[in-house]
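Q: From the sequence below, what's the structure:
(2 chains, ligands or ions: 1)
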Amino acid sequence: MSLNDTLKNLRENGIDEAKRAQKLQELNDLRVNLLGKKGPITKALRGMKDIPAEQRPEIGTLANNVKKDIQAAIEEKMEELNQKLVAKKLEEETIDVTLPATKNNQGTKHILNQTIEDIEQFFIGLGYEVAGGYEVEEDHYNFERLNIPKNHPARDMQDTFYLSDELLMRTQTSAQEGRDMEAHDFTKGPLKMISPGVVYRRDDDDATHSHQFHQIEGLVVDKNISMADLKGTLDALCRHVFGPDREIRFRPSYFPFTEPSVEVDVSCFNCGGTGCRICKYTGWIEVLGAGLTHPNVLKMSGIDPNEYSGMAFGLGPERFAMLKYGVNDIRDFYLNDVRFLEQFKGVN
Amino acid sequence: MKISVNWLKEYIPVDHTVEEIANKVSLTGIESGPVKLGEELTDLVVGHITSVTPHPDSDHLKLCQVDVGEKEEIQIVCGAPNVAEDQYVIVALHGAHLPNGVRIKRGKLRGQESNGMICGLDEVGVPAQYMPKEFENGIYVFDEPQTPGQEVYDLLGLKDEMVDIDITPNRADTLGMRGAAWEIGATYDEKPKFTKPELNQDKLKDLTDVTATVEEKDLVPDYLLRELKGIKVAKSPLWMQRRLWNQNIKPVNSVVDAANYVMIEYGQPVQVYDLDKLPQKNLTVKLAHDGDKLILAETDKSLNHNDLVITSGDEVLGLAGIINGTKAAVDENTTNVLVEAGVFDGARVRKAAQRHDLRDDASNRFEKGVDNGIVSEALVRATQLIDQASDAKEISKEIIGNYTKAQPTVIKGSIKHINHLMGLQLSSDEILQIFDRLGFTSELSGDAVTITIPTRRWDMEIEADLVEEVNRIYGYENLPNTLPAGMETRGGYSAKRELSNKLRDALLASGLDEVINYSLLNKQEVDDFNILNSEYTKLLHPMTEDHEYLRNSLIPGLVRDVAYNQARKNDDLQLFEQARVFDRVTGNDRPKELPFISGAISGNVIEDAWNSDAKPVDFYYVKGIVEELLTYVNADAQFSFEATADYDNLHPGQTAKILANGQMVGIIGKLHPNYQKAHNVNDTFVFELNIDALFDLNTRNVKATSAPKYPEISRDLAILVEKDIENGQIIADIFSNGGKYLKDVKIFDVYEGKNIKPNHKSLGYHLVFLNPNDTLTDEEVEKAFTLVKDSLVQKFNVEIR
Ligand SMILES: [Zn+2]
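A: Here you go, the predicted model:
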């Protein structure tokens, strides 16, 4: 057999063997055996000396090509086997993604504080300062400065926990009004504040009453404050809290520290105003009380009611949250059952 | 008060539905709701009983033949004791609907046919407690003949429609039909028309046998009497009775009813006295003597010197403005009567009514005020009504105990200012027209208006009141929506509140749920965690022992929450609260209000799951939360933990004070096992931090440094040390000897027990050295490391392992 034919045979057999290989080791062995220094190709080339000189380059080229072709066949097969291995590994690593997660829980902010902060953020955006006030307050600020002298019938409406003749648990966050007005420097611009916090009344706790609850008082005093400003502000607030399609309406009411005084209703967010159980089939839900600051209240803080006017409003976060989320019992807010608390994660 | 639409129609033309009226009144004046009585009632007619015969098979049942306006009389079996021939009665025909879903059907009663029911008032919807006494145990019988077959609803007011107004305390002017007519009339632009009551001139006499005296003229600006002689007490006319029972007032007799009727009509309470039962022919209004007695039908009231009373001779007849006793009550035998109309001080009446638990229709009106411009007229009206139903022989002129001429209020205002406060630009005509609708008279001079307010609107005092009247009648729905348009302001939280928010967010991120607890605790709870060592702040008049003291710690509330949840099988809990505690110093009434942030963690912090084993909370888990929290204080301070056994309800071996630069800012620890047992909670760790104290440390200024460019070198150190030497002491010593390049020391192993000699423990530390400006050499590190080891051996007698 000519050298030429020997090389061609080696190529054919080599490629064939590579294709038949099942393991990477077989391919490695094949490479060493066939293409190594002791391999049959090298051996065959030792017969070159018997070949006429003019044919030697041709045979040399053939021998190189045979090596390349076998090498290529081995590499191709190796790649194929490698892919199979990866595929097998991936299959082995496949998991059940429906198994439960490893818990990484954040806590839940109390729904009342979520409600309060949502309202705070709304007013901060309108340039209101947030003032905390005192929970133990003087009769003077809680009542007298709000145009509620001793013996005023309005004191009946909010039975009070007294600590002494002059000290009490504040019954309303409006108690902060007098303090804010006397502390404010009107040459620096208008007074715009909200005062959120805890208030206390001598009520028996039941589904709709609590001896402790929250309020947010709002107060703006400037030279041009009007009922229309009050309506616009509360309209925007109610849309923010209850949804962009809501409307509000004012109904006349009475508070000793505002005149005029109004109750504010929001169109029912459940039925849209057509009437349902939540709005007692009126289409409207009472959400807060408001009014223009009573001239006496301004005067007692040294503010001239002929020059300045004020608007004030007071709202109840418990009521807001009860309405918005359908909470039926105010005591749920204070029992702190984590199953109740955690349902509100992320609502605001 | 419920405003009957039918009654209202005597004063103003209203043809709207009661729902429409209630809605309109709510939007322009006073919160109102529609009331429709007897909507369900059907087939109730007048029946005339033509014969009554005994039931053959019953002792108490009777067979009545009744003319109900049809061709043939019907037979009805009736068991009422007062049924009799020739009575005009209420018949519920076959098929009639009565209140509470009762349906009348023809049938047989003990074998006798019965084609309906003869009804009592309560059976057709008049509340039993407001029916006339004579019909309490039987059927209702009309006083006068009626047309058989006629529907009974209007005769008895059974289907009256009423506007139920829920007044605010300033609008007591509508606690009378006339005031209500003014208010409702104003909303519909209709002025009410009233007939002025007049007395029979022939009967008017100059009677001088009775006198009226007012000792407390300041408290009783008006006190007027009239005397009627020779009356014959009778039943009131049906029209008056039905109006009374629909006002929840029981008709009694022609005198008492007239007084009650005038209270509803005018809003002016009126009292009547049997003149012949008075010890003296005089009524005196004065303050009671301590220990005086007022005798009421069901009870006696012991009076004191704050009580304003009506007396005659030595006897107290009534509490002024509230209630009269039985002493001089008018009954069917009364022939001479005194009628009283007065104005009594509201605060005085309110307190007395509260003190004696006697709040009623009269005191409610005096508390809120009455129109002192109509006292005299109301008295005439009551006298007229009594005369009409009881036929007096003689009537006295007004007997005056005190009289104050009512003055209308005059309010000055500016059209511009009124508009400005509303945010509207109404013309002066529009504004004056609204005043006219309300019955106010106005004078305009340029921009200035002078408004004269009738005495019936005593709530009107200042210009702001005018603003309200104009705005509500004009309609709040017509107001534009604007925002305050003043100088721009910077809104936001106080710096302290910002810190609180930040700390709360840090705990939320650590996985703690936020709770809100009550500020008022019981005595035991303020004793349990008086870590502040403060004086307790106590309510003067607590409602329950559970809520008697202001809290001095948030921990008792958190423990309650843990107990509440664990009783419901919510065992794994991570809770925190941010709220105020009250810290009072002896001698001060007023406590300081300190913002605190506190937490309680109980149960597992890693759950028992398919890929993890449960891990219960321990001290170090909670310490980790606290340390992370303290990072957010942004403090320019060194925090440390110092073991303490000072607190009875905390575990003496697992509790530490939290110090900032050596000053206590909080505590952390495990609840004492005894306390846990008493409160039914599982192993629970708590912490409490004073935000006020942390706020003062909140001064760290960060100046950025680049991340280090040079490599770190580390050394591990294993030592054997006596058991009671704390890690904190070792670390502090390592730092003080480690030189300026010692950057970090971590403890990676704590071991005691097997293979360790008794009372000792093995500790492993990992020290990291770094020179931020140059490459550190092994020699430098080795030198520092040797100093560290030498010091530990010397100071703590450690064995280096
Ligand atoms: Zn609705």
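Q: Could you pull out the helices in the stretch 1-150 of chain A for me?
A: For the stretch 1-150 of chain A, the helices defined by DSSP state H, counting those that start in this stretch occupy A:3-20, A:24-35, A:40-45, A:56-93, A:111-125, A:139-142.
Q: I'd like the ones you listed written out as TSV, with mean neighbour count and mean pLDDT added.
A: In this view, the C-beta of every residue, glycine as well, is placed from N, C-alpha and C. Converted to TSV, the helices of the stretch 1-150 of chain A look like this (neighbours: other CB atoms under 10 Å in any protein chain shown; pLDDT from 0 to 100):
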stretch	mean neighbour count	mean pLDDT
helix A:3-20	16	87
helix A:24-35	16	88
helix A:40-45	16	80
helix A:56-93	13	90
helix A:111-125	20	97
helix A:139-142	20	95
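Q: now for those helices, which one comes closest to chain B?
A: Ranking the helices of the stretch 1-150 of chain A by proximity to chain B (CB to the nearest CB) places helix A:111-125 first, at 4.1 Å.
Q: Quick one: residues in contact with that closest one.
A: Contacts with helix A:111-125, where a contact means CB atoms under 8 Å, 6 or more residues apart in numbering or on different chains, come from A:109, A:130, A:192, A:194, A:196, A:214, A:216, A:218, A:236-237, A:240-241, A:315, A:317-318, A:320-321, A:324-325, A:327, A:333, A:341, A:344, A:347-348, B:491-493, B:504, B:514, B:516.
Q: Local confidence estimate at the residue nearest to residue B:699 when sequence neighbours are not counted?
A: Sequence neighbours aside, residue B:636 is the residue nearest to residue B:699 in space, at 4.7 Å (criterion: CB to CB, 6 or more residues apart in numbering or on different chains). Residue B:636 is assigned 87 on the pLDDT scale.
Q: Now do the phi/psi pair for residue B:636.
A: Main-chain torsions, residue B:636, degrees, to the nearest 10: phi -90, psi 70.
Q: That one: neighbour count?
A: The number of residues packed near residue B:636 is 12, by other CB atoms under 10 Å in any protein chain shown.
Q: Pull the contacting residues for it.
A: By CB under 8 Å, 6+ apart, residue B:636 lies in contact with B:697, B:699-701.
Q: Do me a favour and get the end-to-end distance for stretch B:65-80?
A: Across stretch B:65-80, the terminal residues are separated by 15 Å (CA to CA, to the nearest Å).
Q: Apart from its chain neighbours, what residue comes closest to whatever residue of chain A ends up closest to chain B?
A: As assessed by CB to the nearest CB, chain B sits closest to residue A:228 within chain A, at 2.7 Å. Spatially, and ignoring its direct neighbours in sequence, residue A:228 is nearest to residue B:423 (2.7 Å; CB to CB, 6+ apart).
Q: Show me the chain divided up by domain.
A: This is for chain A. As assigned by automatic domain parsing, chain A contains the domains A:3-93, A:112-344.
Q: wrong one, I was asking about chain B
A: Domain assignment for chain B, taken from automatic domain parsing, gives B:2-37+B:161-188, B:42-156, B:204-402, B:409-478, B:495-695, B:713-800.
Q: Among those domains, which comes closest to the ion?
A: Comparing these against the ion with CB to the ion, the closest turns out to be domain B:2-37+B:161-188 (15.4 Å).
Q: From start to finish, how long is that closest one in a straight line?
A: Terminal residues of domain B:2-37+B:161-188 are spaced 19 Å apart (CA to CA).
Q: quick check, that domain touching chain A?
A: Yes. Using CB under 8 Å from any CB of the partner chain, domain B:2-37+B:161-188 reaches chain A at B:26-31, B:168-171.
Q: top of those residues by neighbour count?
A: Most neighbours among the residues of domain B:2-37+B:161-188 next to chain A, by other CB under 10 Å: residue B:30, with 26 neighbours.
Q: Now do the nearest residue to that one once chain neighbours are set aside, the pLDDT please.
A: Excluding its sequence neighbours, the residue lying closest to residue B:30 (CB to CB, 6+ apart) is residue B:165, at 4.8 Å. As predicted, residue B:165 sits at a pLDDT of 95.
Q: and residue B:165, backbone torsions?
A: Torsion angles at residue B:165 (phi, psi; degrees, to the nearest 10) stand at phi -100, psi 130.
Q: residues contacting it?
A: Each residue near residue B:165 by CB under 8 Å, 6+ apart is listed here: B:1-3, B:25, B:30-32, B:174, B:180.
Q: sorry, back to before: what about the helix or strand where the residue of chain A closest to chain B lies, near the ion?
A: Element membership for residue A:228, per DSSP states H and E: helix A:227-242. No. Applying CB under 5 Å from the ion, one finds helix A:227-242 separated from the ion by no less than 11.7 Å.
Q: Low-confidence ranges, the chain, go.
A: I'll assume chain A. In the prediction, chain A carries residues with pLDDT under 70 at positions A:1, A:156-158.
Q: how about the residues of it that lie near the ion?
A: A:268, A:270-271, A:276, A:278-279.
Q: Reduced to three states, what does the closest residue in space to residue A:174 that isn't next to it in sequence come out as?
A: Spatial nearest neighbour of residue A:174, chain neighbours left out: residue A:217 (5.0 Å); criterion: CB to CB, 6+ apart. Here residue A:217 is recorded as strand under DSSP: H, G, I helix; E, B strand; the rest coil.
Q: Residue A:217: how many residues sit nearby?
A: If you count neighbours by other CB under 10 Å, residue A:217 ends up with 23.
Q: Helices of the stretch 401-550 of chain B, start to end?
A: With helices called from DSSP H, counting those that start in this stretch, the stretch 401-550 of chain B shows them at B:415-422, B:428-437, B:463-474, B:495-509, B:523-528.
Q: As a markdown table, those with mean pLDDT and distance to the ion would be great.
A: Formatted as a markdown table, the helices of the stretch 401-550 of chain B follow (pLDDT from 0 to 100; distance: least, CB to the ion, whole Å):
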| stretch | mean pLDDT | distance to the ion |
| --- | --- | --- |
| helix B:415-422 | 97 | 30 |
| helix B:428-437 | 97 | 32 |
| helix B:463-474 | 97 | 25 |
| helix B:495-509 | 96 | 34 |
| helix B:523-528 | 97 | 42 |
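Q: Turn these into a markdown table, including distance to chain A and mean neighbour count.
A: Converted to a markdown table, the helices of the stretch 401-550 of chain B look like this (distance: least, CB to the nearest CB, whole Å; neighbours: other CB atoms under 10 Å in any protein chain shown):
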| stretch | distance to chain A | mean neighbour count |
| --- | --- | --- |
| helix B:415-422 | 5 | 20 |
| helix B:428-437 | 13 | 17 |
| helix B:463-474 | 3 | 23 |
| helix B:495-509 | 4 | 18 |
| helix B:523-528 | 14 | 17 |
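Q: Including distance to residue B:321, could the ones you listed go into TSV?
A: Below are these laid out as TSV (distance: least, CB to CB, whole Å):
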stretch	distance to residue B:321
helix B:415-422	36
helix B:428-437	32
helix B:463-474	26
helix B:495-509	50
helix B:523-528	42
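Q: Just tell me which of those helices ends up closest to residue B:355.
A: For the helices of the stretch 401-550 of chain B, proximity to residue B:355 was assessed by CB to CB; helix B:523-528 is nearest, at 30.1 Å.
Q: Just checking the distance from stretch B:789-801 to the centre of its chain.
A: Remark: stretch B:789-801 is offset 70 Å from the chain centroid, using CA atoms, centre = their mean, to the nearest Å.
Q: Tell me the buried residues in that stretch?
A: Residues of stretch B:789-801 classed as buried: B:789, B:791-792, B:798 (neighbour count, 16 or more other CB atoms under 10 Å in any protein chain shown).
Q: same deal with stretch B:45-58?
A: For stretch B:45-58, using 16+ other CB under 10 Å, the buried residues are B:45-49, B:52, B:55.
Q: Among those, name the ones in strands.
A: Assigned to strands by DSSP state E, the following of these qualify: B:45-49, B:52.
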